[in-house]
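S.K.: need a structure here:
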Amino acid sequence: MWMWGVAAAAGATAAAWAVHTLVPGIPLLTVAVVLGIVVGQLPVLRPAVTGPLKPGLSLAAKRLMRLGVVLLGLKLSLVDIAGLGWVTITTTVLIVLLTFVGTLWLGRLVGLPGHQPLLIATGFAICGASAIGAMSGVVKAKDQETATPVALVTLCGTLAIGVLPLLWHPLGLTDLQFGHWVGAGVHDVGQVVATAQIAGTAALAVAVVVKLTRVLMLAPIVASVALYERRRVAVAVGPVGGAADSPDATPGTPAAARRPPVLPLFVAGFLAMVLVRTFVPLPAALLDAADLVQTILLAMALFGLGTAVRLTELLRTGGRALGVGLASWLLIAALALAAVFVS
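M.R.: All right, here's what the predicted structure looks like:
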């Protein structure tokens, strides 16, 4: 039955592509998420979304997301990142870490449930909904638990497309400085392109390279969380793998099999693709094809995640999450702006 859900995600991706073609300023992945959210709210479609389509939509949200993250590595060349200079690289890494830690701390301070603080911190600090999907696979977050962070990072990233250009000249930024600010402070790659392109090709090039430097941080942060989860499960299971009362325990399953890998397979694939792009001369046609496939996979995944959003529940209980998301957005924008003047 999973085929019907995957087919629905593919059809939604085609529709999102059509919207993006008609209005290029709206990022394709943003359209896919919003379309999924809209579909999830319609009473006439909800029985199908929560019934026969659910297995396929869940598969898209998880497995296709991971494949998309692997292909995302082909966008990254370590040579391009090194060309930024050590000051820009250092400040970009600090922005990611400070935003991640600050958002995680604030989310826990206000009492957000489950993995929401971690997922919001990952999305806002690194690369939007793609990072949220990657992290949710490591901590085994439920689709409903992932949906709110995806909605928040989509909302704030969309706001950035409209707000940051209005501040470009009042802040006295040059074209290149604006590109740097956008790359360091906007969440999704597509949102970065949509925001920075108005300042010209040079600003767009800087924005994309700075943004992809943030994307590279996905690997060490996800691997660190995976290591923490592995140790946490090891403590819960105990030295002999008994711990029948452990939430991770499954009768007859070895303890080691219940522990998350230190480096998730899709993260290893992501790193491998980065190395391939850096050291192997790949033809432009191959890179274009990989970029197309990656975009389709992520769009399908984000549509699947969007269908899990319940706006009525978000409006009723999501005030704290919205506050954390907006605070994280302001935090990374302020840190990125400070980095621009330091660099």
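S.K.: what's the weakest-modelled helix or strand in the protein?
M.R.: Within the chain, no helix or strand scores below helix 311-317, which has a mean of 68 by mean pLDDT, DSSP states H and E.
S.K.: tell me the helix or strand right after that helix.
M.R.: For helix 311-317, the succeeding helix or strand toward the C-terminus, using DSSP states H and E, is helix 319-342.
S.K.: got a list of contacts for that following helix?
M.R.: Applying C-beta atoms under 8 Å, 6 or more residues apart in numbering, the set of residues contacting helix 319-342 from outside is 87-88, 91-92, 94-95, 98-99, 102-103, 106-107, 110-112, 116-117, 120-121, 124-125, 148-149, 152-153, 155-156, 159-160, 164, 171, 173, 177, 180-181, 184-185, 314. For glycine as for every other residue, the C-beta is placed from the backbone atoms N, C-alpha and C.
S.K.: tally of neighbours for W105?
M.R.: For W105, the number of neighbouring residues by other C-beta atoms under 10 Å comes to 12.
S.K.: where's it, which helix or strand?
M.R.: Here W105 sits within helix 86-109, counting by DSSP H and E.
S.K.: got the buried residues for that helix?
M.R.: With burial defined by 16 or more other C-beta atoms under 10 Å, the residues of helix 86-109 counted as buried are 88-89, 91-92, 95-96, 99-100, 102-104, 106-107.
S.K.: which helices and strands does that helix pack with?
M.R.: Of the remaining helices and strands, those touching helix 86-109 by 3 or more C-beta pairs under 8 Å, 6 or more residues apart in numbering; DSSP states H and E are helix 116-122, helix 175-185, helix 201-216, helix 319-342.
S.K.: mind running it again at 10 Å?
M.R.: Secondary structure elements in contact with helix 86-109, counted by 3 or more C-beta pairs under 10 Å, 6 or more residues apart in numbering; DSSP states H and E, are helix 78-82, helix 116-122, helix 175-185, helix 201-216, helix 218-237, helix 319-342.
S.K.: turn these into CSV, columns for mean neighbour count.
M.R.: Conversion of these to CSV gives the following (neighbours: other C-beta atoms under 10 Å):
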stretch, mean neighbour count
helix 78-82, 14
helix 116-122, 26
helix 175-185, 26
helix 201-216, 22
helix 218-237, 17
helix 319-342, 19
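S.K.: hang on, the earlier thing: just the C-alphas of the helix holding W105, formatted as PDB.
M.R.: Coordinates of each C-alpha in helix 86-109 appear next as PDB, following Å, rounded to 0.1, in the frame of the first residue of the first chain:
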ATOM      1  CA  TRP A  86      39.500  31.000   7.800                       C
ATOM      2  CA  VAL A  87      37.700  34.000   9.400                       C
ATOM      3  CA  THR A  88      34.500  33.400   7.500                       C
ATOM      4  CA  ILE A  89      34.700  29.600   8.000                       C
ATOM      5  CA  THR A  90      35.200  30.100  11.800                       C
ATOM      6  CA  THR A  91      32.400  32.600  12.200                       C
ATOM      7  CA  THR A  92      30.100  30.400  10.200                       C
ATOM      8  CA  VAL A  93      30.800  27.400  12.400                       C
ATOM      9  CA  LEU A  94      30.300  29.500  15.500                       C
ATOM     10  CA  ILE A  95      27.000  30.800  14.200                       C
ATOM     11  CA  VAL A  96      25.800  27.200  13.700                       C
ATOM     12  CA  LEU A  97      26.900  26.000  17.200                       C
ATOM     13  CA  LEU A  98      25.700  29.100  19.100                       C
ATOM     14  CA  THR A  99      22.300  28.900  17.300                       C
ATOM     15  CA  PHE A 100      22.000  25.200  17.900                       C
ATOM     16  CA  VAL A 101      22.900  25.400  21.600                       C
ATOM     17  CA  GLY A 102      20.900  28.500  22.200                       C
ATOM     18  CA  THR A 103      17.700  27.200  20.500                       C
ATOM     19  CA  LEU A 104      18.000  23.800  22.200                       C
ATOM     20  CA  TRP A 105      18.400  25.500  25.600                       C
ATOM     21  CA  LEU A 106      15.400  27.800  25.000                       C
ATOM     22  CA  GLY A 107      13.200  25.000  23.800                       C
ATOM     23  CA  ARG A 108      13.900  22.900  26.900                       C
ATOM     24  CA  LEU A 109      13.600  26.000  29.100                       C
END
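S.K.: show me how far stretch 86-95 is from its chain's centre.
M.R.: Using C-alpha atoms, centre = their mean, to the nearest Å, we find the averaged C-alpha position of stretch 86-95 to lie 20 Å away from the chain's own average C-alpha position.
S.K.: swap in stretch 22-29?
M.R.: Using C-alpha atoms, centre = their mean, the distance from the centre of stretch 22-29 to the centre of the chain it belongs to is 18 Å.
S.K.: got it, and stretch 193-203?
M.R.: 21 Å.
S.K.: measure it end to end?
M.R.: Between the opening and closing residues of stretch 193-203 lies a distance of 10 Å (C-alpha to C-alpha, to the nearest Å).
S.K.: buried set for whatever helix or strand T154 lives in?
M.R.: Remark: T154 resides in helix 143-168, with elements defined by DSSP H and E. Neighbour counts using 16+ other C-beta under 10 Å place 143, 145-158, 160-161, 164-165, 168 of helix 143-168 among the buried residues.
S.K.: touching, V96 and I89? I think so.
M.R.: No. Between V96 and I89 no contact is recorded; they are 11.0 Å apart, counting by C-beta atoms under 10 Å.
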